[in-house]
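In: I would like to see how this sequence folds:
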Amino acid sequence: MNNEYGTKLLPPGKELVRPACKKCGYAGHLTYQCRNFIKVDPNKEILLDVSSTSSESDQDYLTPLTELREKELREKLKKAKHKKKRKKEKKLKKEKKRKRSPSTSSESSNDRDVPSDSESNEKYSGKYHNPDIALREILTVTNHYQGLHSQQETYTFNDGTPRELVNLNGTIPVRYKGCVYNIPICMWLMDTHPKNAPICYVKPTSDMSIKVSMYVDQNGKIYLPYLHDWVPNASDLLGLIQVMIVTFGEQPPVFSRPKDMPYPQNSYMPQPGGSTPYMPFPTPYGPSSGGYGGYPPPYPPTSSTFPQFPPYPPTTYPAYPTTNFDNPTPSMPPSGGGTGTIKEEHIRESLLTGIEEKLMRRMKEQFQQSQAELETLRRTQEELKQGKAKLDAILSRLEKEENDLNKNITLLQDKEQELDKAIERLSNQDPIDVDDAVTTTAPLYKQLLNAFAEEAALEDAIYYMGEALRCGVIDLDVFLRQVRTLSRKQFMLRALMQKCRQKAGLAV
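Out: You can find the predicted model right below:
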């Protein structure tokens, strides 16, 4: 039922609601809580039946807008099942054909006809540290957003290092003031994904201009808290795109350019591959918790050599009078009567004014570019000064350590000379008798020392007698006789040592 303006009216007992979840259209949870991977168009309006009193109305089930919508969903589901069945049959035929064919060349040609998940995994495994995770996230994103497609291209970093990376290029649906707009984006996945956050850009078309904000700079690079606070194995591409949709729904990154406004030639368009003769002005992310694992702030190659600015409107600068020029305009003879016709001098003044305006605009653009370049050089100079200070500190510390090492070397050389002299002096002396090396202060102490040494020798003799018996060198009778003799002598020596200690006043 339509009104006079052609707008659809709701039937009685129905009220228009918007689904809270943009993935599945269910109002019982938010988008980031959704785990339902069934494709439902989030841009379609749905109706909630408020007049029904059945048990279904108590469970927050959403009813279709019309029976046609339900029929379309059933047809899509039927087509998906049919497509899956055909794919399975094709795979079975392919396996049968591979088993029958003895040639390995035919197998390789058949494998190239239909790419499989294993081939995609091999494609990423050579360049990505976690190819399974990257492939799973890419497939999830492309299944949810049909406007995005993946491709592998060369990406060049700020230091000129090229690297083969996978990017997701295409459009995402963004709802702004009740209308859905397709915003073109490009997401580059680092080879350390998901350890490092991807690099995202807005890619405006020829009829769009970048709207600079706190989330998008003049080059189209996207800055989001989700990227800044990227958490490995917790953040993913699907969540990033959902954050983009919500953020761009509040602040669109692009706007439509008027037809009379020329397309800016210096606008930043991320393009894969190639190289630039100059180093562009870097626009890195802020300090991230994950970092890029040693990567410099990346940039896609572009033909621009300096940072670009939003295009200027055609009426930015007023026209200046022609009297500012050195060559005066030749006076023309007055025509008869004020007819209001355009004369040669009017055309000349108009041309001079247009040229002056264009020159002023270009001069201002060149001035701004030079200012940006000077700012970059100034920051580079500050970094070089800081690096010089660090190098000076390191050199001074190394000099101090070198002086300390030289002192230690000198000290060790002196000690070595002293040791050489002592060795030479000892080598020239006569050999010392071991028994005379130890002297006692009294005869009692000497008697105690001799008794102790003899008792220790008897202890060793008894031990080795036991070893000889164990090895079968002597028999048991000889062992017992010798041990008895040695033990009797050992007993007498111990008694003598005890008596000597008592006489000397030592501990017994």
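
In: Next secondary structure element downstream of the longest helix seen in the chain?
Out: Ranked by number of residues, the top helix in the chain under DSSP state H is helix 344-428. Per DSSP states H and E, the first helix or strand lying C-terminal to helix 344-428 is helix 434-437.

In: low pLDDT regions in the chain?
Out: 1-71, 73, 99-126, 258-343 (pLDDT under 70).

In: Let me see the domain layout of this protein.
Out: 14-99, 116-311, 314-326+345-428, 438-504 (automatic domain parsing).

In: backbone phi and psi for Val180, please?
Out: Backbone geometry at Val180, expressed as degrees, to the nearest 10, gives phi -100, psi 130.

In: ok, now how distant is Arg378 from Gly387?
Out: 15 Å (C-beta to C-beta, to the nearest Å). The way it works is simple: take the backbone N, C-alpha and C, and place the C-beta from them, glycine included.

In: Tell me the buried residues in the strand of greatest length in the chain?
Out: As assigned by DSSP state E, the longest strand anywhere in the chain is strand 162-176. Within strand 162-176, the residues that qualify as buried are 165-175, counting by 16 or more other C-beta atoms under 10 Å.

In: That one - contacts with which helices or strands?
Out: helix 131-144, strand 148-156, strand 179-189, helix 237-250 (3 or more C-beta pairs under 8 Å, 6 or more residues apart in numbering; DSSP states H and E).

In: Tell me which of the ones you listed lies nearest to Glu401.
Out: strand 148-156 (41.8 Å; C-beta to C-beta).

In: Mind listing the strands that closest one pairs with, and their directions?
Out: Applying DSSP bridges, strand 148-156 is found paired with strand 162-176 (antiparallel).

In: Only the C-alpha atoms, please, for the partner strand, written as PDB.
Out: Output in PDB follows, covering the C-alpha atoms of strand 162-176 (Å, rounded to 0.1, in the frame of the first residue of the first chain):
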ATOM      1  CA  PRO A 162      59.000  -3.800  -1.700                       C
ATOM      2  CA  ARG A 163      57.100  -6.800  -0.300                       C
ATOM      3  CA  GLU A 164      54.400  -9.100  -1.700                       C
ATOM      4  CA  LEU A 165      51.300  -8.500   0.500                       C
ATOM      5  CA  VAL A 166      47.600  -9.400   0.200                       C
ATOM      6  CA  ASN A 167      45.100  -6.600   0.300                       C
ATOM      7  CA  LEU A 168      41.300  -6.400   0.500                       C
ATOM      8  CA  ASN A 169      40.100  -3.900  -2.000                       C
ATOM      9  CA  GLY A 170      36.500  -2.800  -2.700                       C
ATOM     10  CA  THR A 171      33.600  -1.100  -1.000                       C
ATOM     11  CA  ILE A 172      31.800  -1.400   2.400                       C
ATOM     12  CA  PRO A 173      28.200  -0.300   3.000                       C
ATOM     13  CA  VAL A 174      28.000   2.700   5.300                       C
ATOM     14  CA  ARG A 175      24.600   4.100   6.500                       C
ATOM     15  CA  TYR A 176      24.700   7.900   6.800                       C
END
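
In: Specify the angle between it and strand 179-189 in degrees.
Out: 160 degrees (axes from the mean of the first three to the mean of the last three C-alpha atoms, to 10 degrees).

In: now the angle from strand 162-176 to helix 237-250?
Out: 50 degrees.

In: how far off helix 131-144 does strand 162-176 point, in degrees?
Out: Going by the same axes, to 10 degrees, strand 162-176 makes 30 degrees with helix 131-144.

In: just use 12 as the starting number from now, easier for me
Out: With 12 as the first residue, the last one maps to strand 173-187.

In: about what we covered before: can you put the helices and strands packed on strand 173-187 in a markdown table and add distance to Asp446?
Out: Output for these, formatted as a markdown table (distance: least, C-beta to C-beta, whole Å):
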| stretch | distance to Asp446 |
| --- | --- |
| helix 142-155 | 82 |
| strand 159-167 | 88 |
| strand 190-200 | 86 |
| helix 248-261 | 90 |
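
In: Report the separation between the residue nearest to Glu175 when sequence neighbours are not counted and Gln163.
Out: Nearest residue to Glu175 in three dimensions, chain neighbours excluded: Lys138, at 5.5 Å (C-beta to C-beta, 6 or more residues apart in numbering). Going from Lys138 to Gln163 by C-beta to C-beta gives 8 Å.

In: so what sits against both of these two?
Out: 175-176 (C-beta atoms under 8 Å, 6 or more residues apart in numbering).

In: burial of Glu410, as a residue count?
Out: Glu410: 10 surrounding residues under other C-beta atoms under 10 Å.

In: wait, I meant Gln157
Out: 11.
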